[in-house]
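>>> need a structure here:
(chains A and B)
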There are 2 protein chains.
Amino acid sequence: MTNSVAQQGPIAATGKRDRLVASAVALIHQQGVQDTSLADIAQTAEVPLGNVYYYFKTKDDLVAAAIDAHAQELRATLGSLRGRTPAARLKAFVQMVCSNSELAARYGCPIGTLCSELDKRDDDLAGRGVQLMELPIDWAQEQFRAMGRRDARELATALVASYQGISLLTNTFRDPELMRREARRLERWIDGLAREQ
Amino acid sequence: MTNSVAQQGPIAATGKRDRLVASAVALIHQQGVQDTSLADIAQTAEVPLGNVYYYFKTKDDLVAAAIDAHAQELRATLGSLRGRTPAARLKAFVQMVCSNSELAARYGCPIGTLCSELDKRDDDLAGRGVQLMELPIDWAQEQFRAMGRRDARELATALVASYQGISLLTNTFRDPELMRREARRLERWIDGLAREQ
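This is a model prediction of the structure:
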């Protein structure tokens, strides 16, 4: 799934808190939560380590803020998907995901790999991945429902599962073409469902 | 994906090396590679920590052995899937995956979550997930080809992506029903492809 914060090279000249969150999002995507230290994040954000504690008491607080940033970005991205019909909007979503195929080959889906890591934990952060997966499923469900599908929730879950799974395969094989091919298949699948209307 | 080693409770009374590998497979599934120490594995395997180094010089050697154990188990499982037709064998595969829905809700797919973690590394272990994903894709491709499908590789990749993605969602939502519902959808999809023959 896209997250433009994760794709920024140099951290934009914003406030210190925003720079810390943007750096956390990018480093967690590249290295995972466990391999990312507060010191790494502070350095990438160009914020003195001593200042970090003013904004975030613990690394977990910063991880929670990174999750919130993903949720905010996701809401904005889903809200910006245009299309005359629900099928066109669903295909715009597939295209949007697919536009990150090179990044997925390198680091996987920023949201999927984060959830996979959080899912192994049994602390407060463990359940925080739910909102990140619910957002695209709820959005896709609305589109399938607008297509008159009674199985809208099931189709939405299948769509999100497909791109999460292909993100993992694309990452494991380091092959962006896998994602592009699956995107074309999903577009044909959406067209097929639209024709059944 | 199934791996009976990961589902065993007490480690069977086998040789020390086998017990260490079985413990590594189970603990890596439950906690991830990074949170699993050689001491944890030795304790679960009931092997004195000092003895571990006789079999494995480093933790990475033991992780590599766990990957090999997964590959061996996968080959055996895929080889054991029976069915009169390729479609029946593919549905047996879906059923086999789905039979682990409770375990997936708790810890995710043992192979998918391991690959997701290894994919973030840039060492020798980083590429070792490839064989674990290739095995089921190659197997499913053979079945789709036997159904006369020219797009056998694409369909096989889509099938493996679907169950990897639904494993992640099942784990994130802690809801085995998600996997059972997707399994029924995949079975209908396979039946539909078989009717197109």
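>>> wait, A:Pro86 sits on A:Gln143?
Yes - using Cβ atoms under 8 Å, A:Pro86 makes contact with A:Gln143 at a distance of 4.0 Å. The way it works is simple: take the backbone N, C-alpha and C, and place the C-beta from them, glycine included.
>>> which of those two has more neighbours?
Neighbours of A:Pro86 and A:Gln143, each counted by other Cβ atoms under 10 Å in any protein chain shown, are more numerous for A:Gln143; the result is 25 against 22.
>>> Now do the contacts for that one.
Residues in contact with A:Gln143, defined by Cβ atoms under 8 Å, 6 or more residues apart in numbering or on different chains, are A:Pro86, A:Ala87, A:Arg89, A:Leu90, A:Ala156.
>>> A:Gly15: neighbouring residues, count only.
A:Gly15 has 10 nearby residues by other Cβ under 10 Å.
>>> re the thing from before, what is the most widely separated pair among the contacts of A:Gln143?
A:Ala87 and A:Ala156 (13.3 Å; Cβ to Cβ).
>>> Could you give the separation of the host helix or strand of A:Arg185 from the chain centroid?
Following DSSP states H and E, one finds A:Arg185 within helix A:176-195. Centroid displacement of helix A:176-195 relative to its chain, using Cα atoms, centre = their mean, to the nearest Å, is 19 Å.
>>> Stretch A:32-48 too?
20 Å.
>>> Compute the first-to-last residue distance for it.
Taking Cα to Cα, to the nearest Å, stretch A:32-48 runs 22 Å from one end to the other.
>>> and A:Met179, what does it touch?
A:Met179 neighbours (Cβ under 8 Å, 6+ apart): A:Val97, A:Cys98, A:Ser101, A:Ala104, A:Ala105, A:Tyr163, A:Ile166, A:Ser167, A:Thr170.
>>> same check, this time on A:Ala126
A:Leu118, A:Asp119 are the contacts of A:Ala126 under Cβ under 8 Å, 6+ apart.
>>> Go ahead and confirm A:Lys120 touches B:Tyr107.
Yes - A:Lys120 is in contact with B:Tyr107 according to Cβ under 8 Å; the separation is 7.2 Å.
>>> Common neighbours of those two, please.
In contact with both A:Lys120 and B:Tyr107: B:Gln30, B:Thr113, using Cβ under 8 Å, 6+ apart.
>>> tally of neighbours for A:Leu38?
That count, for A:Leu38 with other Cβ under 10 Å as the rule, works out to 17.
>>> what separates it from B:Glu117, distance-wise?
For A:Leu38, the distance to B:Glu117 (Cβ to Cβ, to the nearest Å) stands at 21 Å.
>>> now A:Ala45
25 Å.
>>> ok, which residues in chain A are in contact with chain B?
Counting by Cβ under 8 Å from any Cβ of the partner chain, the positions of chain A adjacent to chain B are A:30-32, A:34-35, A:107-108, A:112-113, A:115-120, A:129-130, A:133, A:154, A:157-158, A:160-166, A:168-169, A:171-173, A:178, A:181-182, A:185.
>>> Which ones among those residues lie within helices?
A:30-31, A:107, A:112-113, A:115-118, A:129-130, A:133, A:154, A:157-158, A:160-166, A:168-169, A:171-173, A:178, A:181-182, A:185 (DSSP state H).
>>> Ignoring the adjacent residues along the chain, who's closest to A:Phe144?
Distances taken as Cβ to Cβ, 6 or more residues apart in numbering or on different chains put A:Ala152 closest to A:Phe144, at 3.7 Å, once the chain neighbours are dropped.
>>> so the one you found touches A:Trp139, yeah?
No - counting by Cβ under 8 Å, A:Ala152 sits too far from A:Trp139 to count as a contact (11.2 Å).
>>> Next SSE downstream of the strand or helix carrying A:Glu73?
Assessed by DSSP H and E, A:Glu73 sits inside helix A:59-80. Later in the chain than helix A:59-80, the nearest helix or strand by DSSP H and E is helix A:86-98.
>>> For that following helix, buried residues please.
Neighbour counts over helix A:86-98 (16 or more other Cβ atoms under 10 Å in any protein chain shown) mark A:Pro86, A:Ala87, A:Arg89, A:Leu90, A:Lys91, A:Phe93, A:Val94, A:Met96, A:Val97, A:Cys98 as buried.
>>> Check the spacing between the third one and chain B real quick.
In other words, A:Arg89. According to Cβ to the nearest Cβ, to the nearest Å, A:Arg89 stands 20 Å off from chain B.
>>> Looking at that residue now. What's its pLDDT?
For A:Arg89, the pLDDT comes out at 97.
>>> Is it correct that it is in contact with A:Gly83?
Yes - assessed by Cβ under 8 Å, A:Arg89 is found in contact with A:Gly83 at 3.7 Å.
>>> Can you find the helix or strand of chain A with the lowest average pLDDT?
Least confident helix or strand of chain A, by mean pLDDT, DSSP states H and E, is helix A:4-7 with a mean of 46.
>>> what about the helix or strand where A:Pro136 lies, distance to the chain center?
Following DSSP H and E, one finds A:Pro136 within helix A:129-146. Remark: helix A:129-146 is offset 13 Å from the chain centroid, using Cα atoms, centre = their mean.
>>> For that helix, which residues meet the burial criterion?
Buried, per 16+ other Cβ under 10 Å, within helix A:129-146: A:129-130, A:132-137, A:139-141, A:143-145.
>>> wait, which of those residues is closest to B:Arg17?
Distances from B:Arg17 to the buried residues of helix A:129-146, taken by Cβ to Cβ, are shortest for A:Gly129, at 36.1 Å.
>>> Please tell me how far the closest residue in space to A:Leu38 that isn't next to it in sequence sits from chain B.
In this structure, A:Leu38 finds its nearest non-sequential neighbour in A:Lys59, 5.2 Å apart by Cβ to Cβ, 6+ apart. In this view, A:Lys59 and chain B are 14 Å apart by Cβ to the nearest Cβ.
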